[in-house]
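In: Got a predicted structure here, sequence first:
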Amino acid sequence: MEKPLEETTKVTPWEVTTTTGIDYLKLIHQFACQPIDGALVRRFEKVTKVKAHPWLRRGIFFSHKDLNVALDAFERGEEIYLYTGRGPSSESLHLGHMVPFMFTKYLQDAFDAIVICQMTDDEKFYFKPTLSLDEANRLAKENTRDIIACGFNPNKTWIFSNLETVGGSLYKNIVLIMNQTSGNMIRGIYGLDLNNSVGQISWPCFQAAPAFSTSFQNVFKGDNIHCLVPMAIDQYPYFRMAREIAEKLGFKKPSTIQSRFLPSLEEAHGKASSTGGKEVIFLSDSHEAITKKIREKAFSGGGLTKQEHIEKGANLAVDVPYHYLLYFLDDDAELKHIAHEYRAGRMMTSEVKKKAIEVIWNVVREHQEARKLVTDEIVRFFMDPTRTFDRSRQKREPIEHLQEEQHIGFHFDPYFLPKENK
């Protein structure tokens with residue numbers, strides 16, 4: 001008998017572990033979210049007048065809470081804003097960290113929206129005992145460079161360090177949230193108890209507050225604006241809490257859109273993470289380092305021998321290099337060709353790994369080149385709370401829709417199987 005989800009998979013904001021692989025449909029039910037189906041992807045295109053990102057079409061961003069409400073507001077001509085963040089714990093971000101930021105940049109363009117980015121140096125100090133407060137703050141500045149290098153609009157983006165910024169309208173909302181948050185709520189949602197530090201127990205209130213626009217008098221001048229939060233699915237508990245508290249305080253409930261985890265190099269259905277000694281691809285890696293990691297560490301679904309591979313083909317479901325192509329190879333026709341040839345045994349594991357190295361290095365190389373251009377002055381500009389932010393919105397012409405609804409979003413078949421095999 002299959003074990004319940006909680007016995008085989010643990011998904012919290014601080015820990016993701018699994019013994020059976022992550023079942024995303026079960027997570028949708030566990031977190032009471034909705035799948036992003038083809039109809040919603042088509043509506044996204046209609047409302048924003050922007051083509052759906054490959055990660056929407058391919059079901060990488062697979063679930064949501066009230067994304068339709070954000071689209072309704074945008075369609076009425078109302079402003080929405082985006083909220084994202086980073087807990088700085090390493091000198092360089094890795095590819096898994098980049099997925100939400102790359103997608104948030106796409107959403108900024110699609111909604112012509114302000115982006116608020118919270119650097120949670122205080123949280124990492126609370127939850128990572130080996131990290132000093134000063135070091136967490138320094139890493140926040142280093143990670144800010146990686147975030148800026150994603151191409152965010154400088155006039156529509158504010159990045160702030162909690163350690164340096166909390167006060168004023170932001171702290172006022174934190175206080176209101178704390179007053180509505182019981183210890184039982186924190187224990188029930190996050191599993192924290194009286195053995196945790198006061199900083200850890202109170203931390204969720206600090207992460208919830210930026211989901212309310214009135215926290216940012218410097219940007220929104222007190223306007224009550226709808227918030228959309230892109231994130232990996234493990235961060236959703238914070239916004240379940242924020243949505244509950246919004247009702248009590250008369251704020252707009254934030255909408256959310258959740259992604260799957262970029263797989264670890266060792267296991268296609270795990271999560272890329274640098275903790276626990278796992279191998280990951282950092283944005284600071286050289287071409288040689290990426291080549292070595294993918295060739296030696298990326299788990300293959302190909303046959304154990306060339307003859308076995310030719311006879312039986314590859315198991316795409318467990319093949320990590322193929323899963324990385326799902327994320328970073330934008331060409332749908334090429335991805336489908338690789339899936340068919342690799343599964344049939346006509347394409348070798350070495351060829352798929354070579355393609356994955358090429359595609360990933362292009363992403364990393366472009367990022368490294370953009371990061372070199374991020375000067376101290378640019379960092380100060382993005383983190384300056386006193387400047388004027390551009391809240392204007394450009395008009396667009398309607399676009400044509402090329403995708404069939406039933407084959408995109410959560411129902412996208414990542415392996416391009418023949419109909420009789422589905």
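Out: That came through fine.
In: C-alpha from now on. contacts and neighbour counts both.
Out: Will do.
In: Of all the helix elements in this structure, which one is longest?
Out: Secondary structure of the chain per DSSP state H: the longest helix is helix 349-372.
In: any idea of the mean pLDDT in that helix?
Out: Helix 349-372 shows a mean pLDDT of 98 in the predicted model.
In: what does it contact?
Out: With contact meaning C-alpha atoms under 8 Å, 6 or more residues apart in numbering, helix 349-372 is reached by 145-146, 148-150, 283-285, 287, 290-291, 294-295, 300-302, 321-322, 324-325, 328-329, 338, 342.
In: One more: stretch 315-322?
Out: By C-alpha under 8 Å, 6+ apart, the surrounding residues in contact with stretch 315-322 are 263-269, 294, 298-302, 323, 339, 342-343, 352-353, 356, 415.
In: Dump the C-alpha coordinates for that stretch into PDB.
Out: Extracted in PDB, the C-alpha atoms of stretch 315-322 (Å, rounded to 0.1, in the frame of the first residue of the first chain):
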ATOM      1  CA  ASN A 315      13.700   6.200 -19.400                       C
ATOM      2  CA  LEU A 316      13.100  10.000 -19.700                       C
ATOM      3  CA  ALA A 317      11.200  10.100 -16.400                       C
ATOM      4  CA  VAL A 318      14.500   9.500 -14.400                       C
ATOM      5  CA  ASP A 319      16.900  11.200 -16.800                       C
ATOM      6  CA  VAL A 320      18.300  14.400 -15.200                       C
ATOM      7  CA  PRO A 321      19.900  15.900 -18.300                       C
ATOM      8  CA  TYR A 322      16.600  15.600 -20.200                       C
END
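In: In it, which residues are buried?
Out: Asn315, Leu316, Val318, Asp319, Val320, Pro321, Tyr322 (16 or more other C-alpha atoms under 10 Å).
In: Stretch 209-224 too?
Out: Residues of stretch 209-224 classed as buried: Ala209, Pro210, Ala211, Phe212, Ser213, Thr214, Ser215, Phe216, Asn218, Val219, Phe220, Asn224 (neighbour count, 16+ other C-alpha under 10 Å).
In: Now the terminal residues of it, how far apart.
Out: Here the two ends of stretch 209-224 are set 13 Å apart, with distance taken as C-alpha to C-alpha, to the nearest Å.
In: One more: stretch 216-225?
Out: From its first residue to its last, stretch 216-225 covers 11 Å (C-alpha to C-alpha).
In: what mean pLDDT does it have?
Out: pLDDT averaged over stretch 216-225 gives 97.
In: Could you give the separation of it from the chain centroid?
Out: A distance of 25 Å separates the centroid of the chain from that of stretch 216-225, by C-alpha atoms, centre = their mean, to the nearest Å.
In: quick one: which of the contacts of stretch 315-322 sit in helices?
Out: Those of these lying in helices (DSSP H): Ile294, His323, Ala339, Tyr342, Arg343, Val352, Lys353, Ala356.
In: so can I have JSON lines of the residues you listed showing distance to Ile233 and neighbour count?
Out: Putting those into JSON lines (distance: C-alpha to C-alpha, whole Å; neighbours: other C-alpha atoms under 10 Å) gives the following:
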{"residue": "Ile294", "distance to Ile233": "25", "neighbour count": "23"}
{"residue": "His323", "distance to Ile233": "18", "neighbour count": "22"}
{"residue": "Ala339", "distance to Ile233": "26", "neighbour count": "22"}
{"residue": "Tyr342", "distance to Ile233": "30", "neighbour count": "24"}
{"residue": "Arg343", "distance to Ile233": "29", "neighbour count": "23"}
{"residue": "Val352", "distance to Ile233": "28", "neighbour count": "21"}
{"residue": "Lys353", "distance to Ile233": "28", "neighbour count": "22"}
{"residue": "Ala356", "distance to Ile233": "25", "neighbour count": "25"}
